[in-house]
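Asks: Here is my input; please provide its structure:
(one chain, ligands or ions: 3)
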Amino acid sequence: MNTTILGYPRIGARRELKFATEDFWAGRADAGALARTGAELRADVWTGLRDAGLQAIPSNTFSFYDQVLDTSVLVDAVPDRYRHLAGFDRYFAMARGVQDVPPLEMTKWFDTNYHYIVPELGPDTRFRLADGSAAKPLVEYREAKALGIETRPVLVGPLTYLLLAKPAEDAPDGFRPLDLLDGLIDVYAEVLERLAGSGAGWVQLDEPALVADRGEEEIAALARAYSRLGRLTSRPRLMVATYFGTIGADALRALAGSRVEAVGLDFVAGPDNLDVLASVGGLPRKTLVAGVVDGRNVWRADQRRAKATCASLLGLVDQVVVSTSCSLLHVPIDLDAETSMDPEVRGRLAFARQKVAEVVAVGRALSEDVPAKAEAPAPPADVDHDVRARLDSLGDGAGRGDRAARFAAQRDELGLPALATTTIGSFPQTPEIRRARADLRAGRVTADAYTRAMRDEIARVIALQEDLGLDVLVHGEPERNDMVQYFAEQLDGYAATEHGWVQSYGSRYVRPPILHSDVARPRPMTVEWATYAQSLTSKPVKGMLTGPVTMLAWSFVRDDQPLADTARQLALALRDEIADLEAAGIRVIQVDEPALRELLPLRGADRPAYMEWAVGAFRLATSGVADTTQIHTHMCYSEFGEIIGAIGALDADVTSVEAARSHMELVADLRAAGYENGIGPGVYDIHSPRVPGADEIEENLRRALRAVDPGRLWVNPDCGLKTRAYPETEASLRNLVTAAHRVRADVTGTSA
Ligand SMILES: CN1c2c(nc(N)[nH]c2=O)NC[C@@H]1CNc1ccc(C(=O)N[C@@H](CCC(=O)N[C@@H](CCC(=O)N[C@@H](CCC(=O)O)C(=O)O)C(=O)O)C(=O)O)cc1
Ligand SMILES: N[C@@H](CCS)C(=O)O
Ligand SMILES: [Zn+2]
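Replies: Ligands and ions are numbered 1, 2, ... in the order given. Okay, the predicted model is just below:
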């Protein structure tokens, strides 16, 4: 193998997987139809890669939902609560839950915007190869072979799988998923033997966990796992792929000492990999799969540099294979589909299909020893001197006044009750709303008609919230296609794509905008919608913005200046927006930062610097307001332990966080970390259509009250409601308000 990639998008160029999956869920199509779509998508990817001239083609990178969930199913790590179901019903119940059966947790895949389904393991988990010869990697390998295409099945590596898993709720204290390594290796051994029996020459085991800090015990587990798999008598050759950063020297040494035939290193996110490789004396008898084409960002590769990096590795290893830095899952499929993008920006880009061509071109240049393609220099980013001058004059010293004074000022201004109820911002994005936007794009309705439709929706959402008895209302975000893309489309320095979909989780995709130049806000972005909503009610309406770190995290961002500098440009645009909202009479403003944890560097040593600029950007955005204006923030999809200090440092007046699935422990953790402002632990999980009972919500609130005063406790769902439908939304919020009123009555003697 001389060229390869670590994985490819599986959603289809026209989002076929989304539509097929959602049709199946809605009962519009049967399991056979869904399975056929899957097979067609896989065949398209394999033949496309072969036709592009890629030499080693991965398989088992397809998934109906998520590759970590697939691994749990493969090794039969299925909690008992799903065992009464079978096939797709079981699979999707694990991912999404069904009434009375909650789903497995979902969380971020390393520092990406992809989410995986967290394995739930306990001492009683007995791994076994659930489907024998019908196991997914075997089926897909044979399927490709039947098309005449030899592939390299990809598996989540055993160490990474266990390190990403969580102990089941009833697991005894002290149980660690890693304790189950030996049993898991037995199953991997069986998979490898069976793949070898089917003719597979190579298997890729993904171990991105090796680019984060790992302790001695974990390195010992790594060594044990690959020593056992390496010694199997009948197995394919093994490639252990790492990505998203620099591998630890101890981890690389362990792999060097094993019999695995190839190691993959990421030379884009882990430029220090070269030094680490040299420090362990290279891999003289192994193949190095060199990730030199960026799999996470959309910029065109510098092919000469990529070739030079590969060439510099030749003395350190037996053979070099040109590859992407990670799976191409994280980038859109095809730049050729973007026909109306500014040609200057387009000329700087490569999506998955173009990146495959880059890998092939670098591979050819390397093996034929011809110069890599000389490319026209990319046009430079636009510079906005006004933005830069304003940022220079604002400096670093952003901060708000005394917390107690703010608390008192807001109490007087807003007059909110204890356990104030609110939502996180979005209400269901109904098919009608999406259709209205599609009609606007296609020119079937005028901008005025679209605006009227959105205002009508806002009026309905305000009326519903009044009826439900919520205390702080939202306008519902109907006009937003996405919480990042919506803003990007209104800011200078950004380009949007038409078809650049990337899987975020399951059937939910995003079109990350492309931040290519200095960012500036030509005009207010949300003020008209917010003031319209406020004009319909005497209750406070929360203005709703996406914070600078999340704007960065969910965009493809320029790599020609530090992220910190780009964050400050975004923060300045938001600061201006907040000032305009405040001036227009909006008294509560939420700045969402769900991605604050996501961008946290994988290595501890890099974290303090990140926290400093991330917190600085949020404070720059939010510190221009009066004490009477209440700033909220919201975070979700994360384990917050490591950023708990940063949450306090943001100094928002109220922070709402996902906590329903972790049963409110976060409230106590925040308190212990010195957080004293308002806190809204999500009292139910919005990722599932399940309606939480008022009793269950009440119990969550009472648990939260052990750690926080009623005056600082907010009652809200754990994230926005955009993915939900109205019947369950209404029912859930009704129960939420009922529960809040009951607890409020208890703690204050009043319920209104
Ligand atoms: C909060 N989350 C977000 C993340 N990242 C973001 N960039 N945005 C987020 O909100 N990361 C973490 C989480 C992940 N969660 C989600 C939740 C929901 C979605 C989601 O619903 N995605 C939608 C697409 C949203 C969108 O862009 N909609 C557009 C276009 C809609 C569309 O495709 N229209 C059709 C026509 C429709 C019709 O005729 O009825 C078309 O154009 O063909 C819009 O509303 O205009 C999804 O469908 O997957 C994502 C991440
Ligand atoms: N305000 C956004 C936050 C999602 S993280 C929403 O409600 O959808
Ligand atoms: Zn959220």
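Asks: near ligand 1, which residues of this structure?
Replies: Proximity of the chain to ligand 1 (Cβ under 6 Å from any ligand atom) is limited to residues 113, 429, 431, 434-435, 437-438, 481-484, 504-505, 508-511, 554, 594, 637, 723. (Each C-beta comes from the backbone N, C-alpha and C, glycine too.)
Asks: Only the buried members of those: can you turn that into a PyMOL selection?
Replies: The buried residues among the residues of the chain next to ligand 1 can be selected in PyMOL (16 or more other Cβ atoms under 10 Å) with this line:
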select buried, resi 113+429+437+481+482+483+484+504+505+509+510+511+554+594+637+723
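Asks: Low-confidence regions, the stretch 601-750 of the chain specifically.
Replies: Residue ranges of the stretch 601-750 of the chain with pLDDT under 70: 660-662, 750.
Asks: What segments of it are helices?
Replies: Here the stretch 601-750 of the chain has its helices, by DSSP state H, counting those that start in this stretch, at 607-622, 644-650, 665-672, 694-705, 726-748.
Asks: of all these, which gets the most neighbours per residue?
Replies: Most buried of the helices of the stretch 601-750 of the chain by mean neighbour count (mean count of other Cβ atoms under 10 Å) is helix 607-622; its value is a mean of 21.
Asks: for residue 589, helix, strand, or coil?
Replies: Following DSSP: H, G, I helix; E, B strand; the rest coil, residue 589 is assigned to strand.
Asks: count of neighbours near it?
Replies: 26 (other Cβ atoms under 10 Å).
Asks: Could you say which helix or strand holds residue 27?
Replies: Per DSSP states H and E: residue 27 is located in neither a helix nor a strand.
Asks: Need the pLDDT of it.
Replies: pLDDT, residue 27: 97.
Asks: Burial check on it, number of neighbours?
Replies: Residues near residue 27, counting by other Cβ under 10 Å: 7.
Asks: Could you pull up phi and psi at it?
Replies: phi 80, psi 10 (degrees, to the nearest 10).
Asks: same question, residue 118
Replies: phi -80, psi 120.
Asks: so how far is residue 671 from it?
Replies: From residue 118 over to residue 671 the distance is 25 Å, taken as Cβ to Cβ, to the nearest Å.
Asks: Show me what residue of the stretch 651-752 of the chain gets nearest to ligand 3.
Replies: Closest approach between the stretch 651-752 of the chain and ligand 3, counting by Cβ to the ion: residue 719, at 3.3 Å.
Asks: How about that residue, nearest residue that isn't a chain neighbour?
Replies: Spatial nearest neighbour of residue 719, excluding adjacent residues (Cβ to Cβ, 6 or more residues apart in numbering): residue 636 at 4.4 Å.
Asks: How many neighbouring residues does the one you found have?
Replies: Neighbours around residue 636, by other Cβ under 10 Å: 22.
Asks: What of residue 347?
Replies: 14.
Asks: so what's residue 131 up against?
Replies: By Cβ atoms under 8 Å, 6 or more residues apart in numbering, the contact set of residue 131 is residue 74.
Asks: Just the pLDDT at it, thanks.
Replies: pLDDT at residue 131 comes out at 92.
Asks: do you know how far it is from residue 39?
Replies: For residue 131, the distance to residue 39 - Cβ to Cβ - is 16 Å.
Asks: Check residue 118 too.
Replies: Distance from residue 118 to residue 39, by Cβ to Cβ: 28 Å.
Asks: between the two, which one's more packed in?
Replies: residue 118 (20 against 14).
Asks: burial measure for the nearest residue to the more buried one once chain neighbours are set aside, as a count.
Replies: What sits nearest to residue 118 in space, not counting adjacent residues and going by Cβ to Cβ, 6+ apart, is residue 105, at 4.1 Å. Neighbour count for residue 105, taken as other Cβ under 10 Å: 17.
Asks: same question, residue 398
Replies: For residue 398, using other Cβ under 10 Å, the count is 19.
Asks: picking up where we left off before, who touches the residue of the stretch 651-752 of the chain closest to ligand 3 in this structure?
Replies: Counted by Cβ under 8 Å, 6+ apart, residue 719 has contacts 424, 594, 634, 636, 637, 658, 682, 686, 687.
Asks: Kindly recompute the last result at 7 Å.
Replies: 424, 636, 658, 682, 686 (Cβ atoms under 7 Å, 6 or more residues apart in numbering).
Asks: For the residue lying closest to the first one once chain neighbours are set aside, give its distance to residue 536.
Replies: Leaving out its chain neighbours, the residue that sits closest to residue 424 by Cβ to Cβ, 6+ apart is residue 720, at 4.6 Å. Per Cβ to Cβ, residue 720 is found 20 Å from residue 536.
Asks: who's more crowded, those two?
Replies: residue 720 (25 against 17).
Asks: just checking, that one touches residue 428?
Replies: No - using Cβ atoms under 7 Å, residue 720 is not in contact with residue 428, being 9.6 Å away.
Asks: and whichever strand in the chain runs longest, what does it pack onto?
Replies: Counting residues, the longest strand found in the chain (DSSP state E) is strand 283-293. On a contact count with 3 or more Cβ pairs under 7 Å, 6 or more residues apart in numbering; DSSP states H and E, strand 283-293 meets strand 262-266, helix 303-313, strand 317-324, helix 352-367.
Asks: Nearest to ligand 3: which residue in the stretch 201-350 of the chain?
Replies: For the stretch 201-350 of the chain, Cβ to the ion, closest residue to ligand 3: residue 330, 20.0 Å.
Asks: How about that residue: what's its closest non-neighbour residue?
Replies: Nearest non-adjacent residue to residue 330 (Cβ to Cβ, 6+ apart): residue 296, at 5.0 Å.
Asks: Tell me the confidence at the one you found?
Replies: For residue 296, pLDDT reads 97.
Asks: which residues touch it?
Replies: 269, 325, 326, 330.
Asks: Residues contacting the host helix or strand of residue 20, please?
Replies: Assigned by DSSP H and E, residue 20 belongs to helix 16-25. For helix 16-25, the external contacting residues (Cβ under 7 Å, 6+ apart) are 10-11, 29, 31, 33-34, 37, 41, 64, 88, 92, 507, 509.
Asks: Just the buried ones from those residues, in ChimeraX syntax?
Replies: Typed into ChimeraX, the line below selects the buried ones among those, using 16+ other Cβ under 10 Å:
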select :10,11,29,34,37,41,64,88,92,507,509
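Asks: Which members of the contacts of helix 16-25 are positioned in strands?
Replies: residue 509.
Asks: and which of the contacts of helix 16-25 is nearest residue 700?
Replies: Set against residue 700, the nearest of the contacts of helix 16-25 by Cβ to Cβ is residue 92 (25.9 Å).
Asks: Now do that closest one against residue 73, distance only.
Replies: 11 Å.
Asks: Ok, residue 736 next?
Replies: On the measure of Cβ to Cβ, residue 736 and residue 73 end up 34 Å apart.
Asks: for residue 684, same thing?
Replies: Residue 684 is 27 Å from residue 73, by Cβ to Cβ.
Asks: So between these two, which is more surrounded?
Replies: residue 684 (23 against 19).
Asks: give me every residue that touches the more buried one.
Replies: 660, 692, 697, 717, 718, 732, 736.
Asks: Does the residue nearest to the spatial centre of the chain belong to a helix, a strand or coil?
Replies: By Cα atoms, centre = their mean, the chain has its centre lying nearest to residue 113, at 2.0 Å. Following three-state DSSP, residue 113 is assigned to coil.
Asks: Is it in contact with residue 554, as I believe?
Replies: Yes - the criterion here is Cβ under 7 Å, and residue 113 meets it with residue 554 at 5.5 Å.
Asks: where do the contact lists of those two overlap?
Replies: By Cβ under 7 Å, 6+ apart, the residues touching both residue 113 and residue 554 are residue 510.
Asks: just so I have it, where are all the helices in the stretch 301-450 of the chain?
Replies: 303-313, 343-346, 352-367, 385-394, 403-414, 431-441, 447-468.
Asks: ok, and for the fourth one, which residues are buried?
Replies: Looking back up the chat, that one is helix 385-394. 387, 390, 391, 394.
Asks: domains in this structure, as residue ranges please.
Replies: Split into domains by automatic domain parsing, the chain comes to 16-367, 430-745.
Asks: Good, we can wrap up now.
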